[in-house]
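Could you look at this predicted model? Sequence included:
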Amino acid sequence: MSFKSTIKKKLYSGSSINADELYHKVKSYKYVSFDIFDTLVKRNVENPTDVFKLMEYKAGNGFADRRIKAEREARQSLVKSDRKEVTIEDIYSYFTVSERKKLIDLELKTEFQLLVPNHPVIDVYNRCLKEGKTVFITSDMYWSQEAVEKLLEKIGVFSYKRLYLSSSKQAVKRDGSLFTLLVKTEHIYPSELIHIGDSKVGDYIEPQKLGINAIQIPRYTNNIKYRGDENYSSLRMNYLNTFINNTVPCKNDPYYQFGYAQFGKVLWGYSHWIHDVAKEKGITKLFFLARDGYIMKKAYDICVMDHSIETRYLEVSRRSLRGPILWMDNSFETILNMVVNAKLVSMESIFDGLGMDIDCYQEQLDQYGFHRDTIFDRRTIFSDEKIKQLLTDLTPNIIENSKKEYSLLTEYLKQEGVSGKFGIVDIGYAGSMQRYLTQTLNKLEIQHKITGFYLGVADFYKKNEVDGIDLDLNGYLFDFKHNPLAVDCRSSFVGLFETLFLEQGGSVKRYARENGRVVAERYPYEYFKDGKPTEDYLKIKEIQHGAIDFVSIASADPLLSEFKYKSIELFDGIYKTGTDPNSYDLKLFADIEFYDEGITHRLAAPKSMTHYILHKNDLKNDFLQCRWKIGFMKRLLKLNLPYQKIYLALHRLR
C-alpha cells in the first residue's frame, strides 16, 4: 500500500458501525438519504481501483493503468462541457470500439461479484422503512441508472422513493448540486432531511452547507479482531482480508470471530484440496474419521457440490482401531508403539489404549509398585522391565479383549461399506489410523486401496509403515512423506490446533450391537460436567459456528476460489496465534482444557516462577505435558522473546 493510500485509509477509518447508535441519530427525521458505495455496500477489495487489477486476469496485463488513465481523461474533458459527471460509456470511449461493450460488461460483472451488503447500514435502512420514513438513495457514480438499480436489488435494498444518481441527473454531491436537486424535486425543507455517507466532502460538508443534516460514517472499519496477513500489496491477500472484514456477521463473541477469520479459511482450503486430490486419484468415496473429521465433513459438504464423490462419517478412533488388532501382535514393543504418543505417558492412558478398565487390575499394579497415575517418560519406557513384565502378565487378558472388539469392529466396517478404493480424511499425522484399518482389512481379506488425506503428515510416519505396508499419505499443511524438508508448522501448539476440530461428543471406545446394527460406543464427552456443557464446550462450539459460517459465505463467493490460496496463507493466522501469541490470544485459549490419552491439562497453564524455582522437576513435567508450549513459555516468562525459535532449539536437543 502506498504512503498516500495509507494516510487516506487512516483518515477514513473508524470503529465498526453500531446500527442502534446510527439509527438513534436519524430517528427524529422524516426523510433519510443514503449513499451507496462504502455506505450501503462494501467492496471486497481495499481500494476501488483494485477492481481494475482484478479485471486484468481476463482483460490482459496493463488494463488497470489504461482504465485509470481513461477515467482521468474523461473527467478532464468535463471542464470543456456543461456536464458534471462522466458515464461509464464516456470512460470506455478511450478504448477501441471492439473492446468497449465487452469491457463495460466485464467491469459491471466484476463489481457485482465484489460488492456485498454493509449489514449495519442496511439494518438502519430497513428500520427507517419500517418506521414509515421516506428514503432516498443519493450517489456520485458513473454507472447507468439501470445498473445501479440492479445492484440495489442484489443487496436487498428496495422501497426507496427515488434514486438520485450523478451520471443520470448530471448533478453531483461534491458541489452540493445533487442535494439541491433532491430537495427541490421532492418539495421538502433541507432541515427535514438527513444524509448518511462516507465522504468527508460529498456526504458531510456539502449537504450541511445547504442546511441538510449529515452523518459521516467510516469508510474503513475493523469489524473483527484477528491476526491475519496484512500484506495488502498482494491482491490475493487484499481480497481475502477485506472479504473477511466485510462479510463477518455482527457477532461480538471473540471465539466466533476467531472461527470465522482463522479456522474457517483453513477448513475451506482443506476441503477444496481434498476434492482436487481425490479427483486426481479417481477416488469416489471419502470416509471422514471421528472425531476430528466431523467438522471437516461438514465443511467439505458445503464447499464441494460434486455428487460423484460419496462422503460418509466413520465412527472410529485410535482406541477403537488399535485394540482389536492386538491379538495378532501383542509384543511389548507393538503395544507401546500403539499406546505411547505423548512425551509423558500415564499408566491410566496405557490401560485406556488397551481397552481395559484399570480398576479391575489393582492387584497386578500393586505387585509391581504402580498406580493409575504413574508417569513414564517415552524415552525410557521401552527399557522399563517392570512395565514390560506387567504387560506380559496381562497378555491373556489383552488377547481376549482384543478378539471381542475385533469381531464387532469387522461387522461395523462391513456395515459401513469400508472396502474397495476409498479415501479417509483425518487430522493426521503419522497414518496410525490408516495402518490399523489396513491391517484389519488385510486380516479380513477385504480388497481395499486406501488414500489418506491429512492436515499434515509428520516426520515419524514411517513407524506405521511396518510389515511391508506402504501407506498412501497426503498432507495439506506439511507432508514429510513427499517432502523430507517439510516443516511441521503446528508442533509447538498441537493442543490448541486440535481443540478447534473437536466433535461435540465423546471419543469412540468400542462397538456394540443395537437394534440389529453395530453402533459406536462412546466415552463420556470430556466437555460435559454433571450433564451440563462446560464453558470450554461453549467456546469450541462458537469457534466452529464461526468457521462453518465462513465456509458457507466463502463458498458462495464467485471470486475467492479463483485465487488458489496456498495452505500456508490460509493457516497464517492460526500459526501466528500458536507461535507468537499476544495477551489477547492467551486470554482466549490458555485455560481451555485439553484431553488426550486419558489425561487432562489446560493448554498453557504454568505454575508460578517461584514454584518452579523450588520444584525444578515440576517445570520439566509440566512443560512436557503441556500441549501449547509457546503459550506455556510466554505465560510463564511474560516477556517478548522469540519463543518459537526457543522451542525449536529445545526440540533439537531432545
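Thanks, I have it.

Show me which positions of stretch 96-109 end up buried.
Of all the residues in stretch 96-109, those buried under the rule 16 or more other CB atoms under 10 Å are R100, L103, I104, L106, E107, L108. (Glycine included, C-beta is placed from N, CA and C.)

same check, this time on stretch 624-644
625-636, 643-644.

now stretch 66-86
Here stretch 66-86 shows R66, R67, A70, E71, A74, K84, E85, V86 as buried, counting by 16+ other CB under 10 Å.

so the fourth one sits right up against I88, yeah?
Which is E71. No: using CB atoms under 8 Å, E71 is not in contact with I88; the gap is 9.3 Å.

list residues touching both of those two?
Shared contacts of E71 and I88, defined by CB atoms under 8 Å, 6 or more residues apart in numbering, are found at Y142.

Lowest mean pLDDT among the helices and strands, pick that one out for this protein.
Every helix and strand in the chain was compared by mean pLDDT, DSSP states H and E; the lowest is helix 3-11, with a mean of 56.

same question for the very next helix or strand once past it, mean pLDDT?
Once the chain leaves helix 3-11, the next helix or strand it forms, by DSSP states H and E, is strand 13-15. What strand 13-15 shows for mean pLDDT is 73.

circling back: and the buried residues of stretch 66-86, which two are the farthest apart?
By the measure CB to CB, R66 and K84 form the most distant pair in those, at 24.6 Å.

And the strands in the stretch 301-450 of the chain?
Taking DSSP state E, counting those that start in this stretch, the strands of the stretch 301-450 of the chain run over residues 310-314, 344-346, 375-377, 420-429, 448-457.

quick one: which of the buried residues of stretch 96-109 sit in strands?
Residues of these located in strands (DSSP state E): none.

So L477, which state does it fall into?
Look at L477: counting by DSSP: H, G, I helix; E, B strand; the rest coil, its state is strand.

any weak-confidence spans in this structure?
Scanning the chain for pLDDT under 70 picks out 1-12, 226-233, 339-342, 596-599, 654.

what residues go with each domain of it?
If you go by automatic domain parsing, the domain ranges for the chain are 3-239, 277-319+402-522, 320-398, 566-653.

could you dump those domains to TSV with distance to W268?
Listed next are the domains of the chain as TSV, based on distance: least, CB to CB, whole Å:
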stretch	distance to W268
domain 3-239	14
domain 277-319+402-522	6
domain 320-398	29
domain 566-653	7
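
Quick one: closest of these to K265.
Taking CB to CB, domain 566-653 is the member of these nearest to K265, at 4.5 Å.

from the chain's centre, how far out does the closest one sit?
Here the centre of domain 566-653 is set off from its chain's centre by 22 Å, with CA atoms, centre = their mean, to the nearest Å.

Adjust the sequence numbering to begin at 37 for everything that follows.
With the count now opening at 37, the last piece we talked about shows up as domain 602-689.

mind checking the end-to-end distance for that domain?
31 Å (CA to CA, to the nearest Å).

re the thing from before, which of the buried residues of stretch 102-122 fall in helices?
Using DSSP state H, the subset of the buried residues of stretch 102-122 located in helices is R102, R103, A106, E107, A110.

Run through the residues that contact the third one.
The contact partners of A106, by CB under 8 Å, 6+ apart, come to I127, Y128, Y130, F131.

That one and A466: what is the separation?
58 Å (CB to CB, to the nearest Å).

ditto for the second one
In this structure, R103 and A466 are separated by 52 Å, where distance is defined by CB to CB.

Which single one of the buried residues of stretch 102-122 is nearest to C396?
So of the buried residues of stretch 102-122, ranked by how close each gets to C396 (CB to CB), first place is R103, at 76.8 Å.

show me the contacts for the closest one.
Counting by CB under 8 Å, 6+ apart, R103 touches F88, M91, I127, E143.

Pipe the residues you listed into JSON lines and attach distance to N249 per row.
Shown next, in JSON lines, are the contacts of R103 (distance: CB to CB, whole Å):
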{"residue": "F88", "distance to N249": "35"}
{"residue": "M91", "distance to N249": "38"}
{"residue": "I127", "distance to N249": "33"}
{"residue": "E143", "distance to N249": "34"}
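
Would you point out the most distant pair within these?
Largest separation among the contacts of R103 by CB to CB: M91 and I127, giving 12.9 Å.

So for these two, which residue has more residues nearby?
Each of M91 and I127 has its neighbours counted (other CB atoms under 10 Å); I127 has more, 23 against 19.

Secondary structure element holding that one?
Element membership of I127, judged by DSSP H and E, is helix 124-128.

What helices and strands are in contact with that helix?
Helix 124-128 makes packing contacts with helix 99-112, helix 133-150 when contacts are defined by 3 or more CB pairs under 8 Å, 6 or more residues apart in numbering; DSSP states H and E.

What's the separation between L673 and D658?
L673 sits at a distance of 14 Å from D658 (criterion: CB to CB).

Bridge partners for F172, pull those for me.
Here F172 sits in beta bridges with S69, R198, as judged by DSSP bridges.

Look up how far I53 lies from it.
For F172, the distance to I53 equals 20 Å [CB to CB].

Repeat that for K479.
Taking CB to CB, one finds K479 at 62 Å from I53.

When the two are compared, which one has more neighbours?
Neighbour tally, K479 and I53, criterion other CB under 10 Å: the higher count belongs to I53, 20 against 14.

Shouldn't the more buried one be within a strand?
No: with three-state DSSP as the criterion, I53 is assigned coil and is not in a strand.

Show the contacting residues for it.
With CB under 8 Å, 6+ apart, I53 has these contacts: N154, P156, V157, I253, P254, T257.

Work out for me the element Y161 sits within.
With DSSP H and E as the criterion, Y161 is inside helix 155-166.

residues of that helix that come out buried?
Result for helix 155-166 [16+ other CB under 10 Å]: buried residues H155, P156, V157, I158, D159, V160, Y161, N162, R163, C164.

And for stretch 476-488?
For stretch 476-488, a neighbour-count test (16+ other CB under 10 Å) marks T476, L477, L480, H484, I486, T487, G488 as buried.

Keeping just the C-alphas, turn stretch 574-586 into PDB.
Extracted C-alpha coordinates of stretch 574-586, given in PDB (Å, rounded to 0.1, in the frame of the first residue of the first chain):
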ATOM      1  CA  LEU A 574     -19.400 -23.300  24.500                       C
ATOM      2  CA  LYS A 575     -16.100 -21.700  23.400                       C
ATOM      3  CA  ILE A 576     -15.300 -24.500  21.000                       C
ATOM      4  CA  LYS A 577     -18.800 -24.600  19.700                       C
ATOM      5  CA  GLU A 578     -18.700 -20.900  18.900                       C
ATOM      6  CA  ILE A 579     -15.300 -21.300  17.100                       C
ATOM      7  CA  GLN A 580     -16.800 -24.000  14.900                       C
ATOM      8  CA  HIS A 581     -20.000 -22.000  14.400                       C
ATOM      9  CA  GLY A 582     -17.900 -19.100  13.100                       C
ATOM     10  CA  ALA A 583     -15.800 -21.400  10.900                       C
ATOM     11  CA  ILE A 584     -18.800 -23.000   9.300                       C
ATOM     12  CA  ASP A 585     -20.400 -19.600   8.700                       C
ATOM     13  CA  PHE A 586     -17.200 -18.500   6.900                       C
END
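
Check which residues of it are buried.
Buried residues in stretch 574-586 (16+ other CB under 10 Å): K575, I576, K577, E578, I579, Q580, H581, G582, A583, I584, D585, F586.

In CSV, list those along with secondary structure and distance to K623.
Listed next are the buried residues of stretch 574-586 as CSV, based on DSSP: H, G, I helix; E, B strand; the rest coil; distance: CB to CB, whole Å:
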residue, secondary structure, distance to K623
K575, helix, 12
I576, helix, 16
K577, helix, 19
E578, helix, 15
I579, helix, 15
Q580, helix, 20
H581, helix, 20
G582, helix, 17
A583, helix, 20
I584, helix, 24
D585, helix, 23
F586, helix, 22
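
for the residues you listed, which one is nearest S344?
Nearest to S344 among the buried residues of stretch 574-586, counting by CB to CB, is I584 at 23.7 Å.
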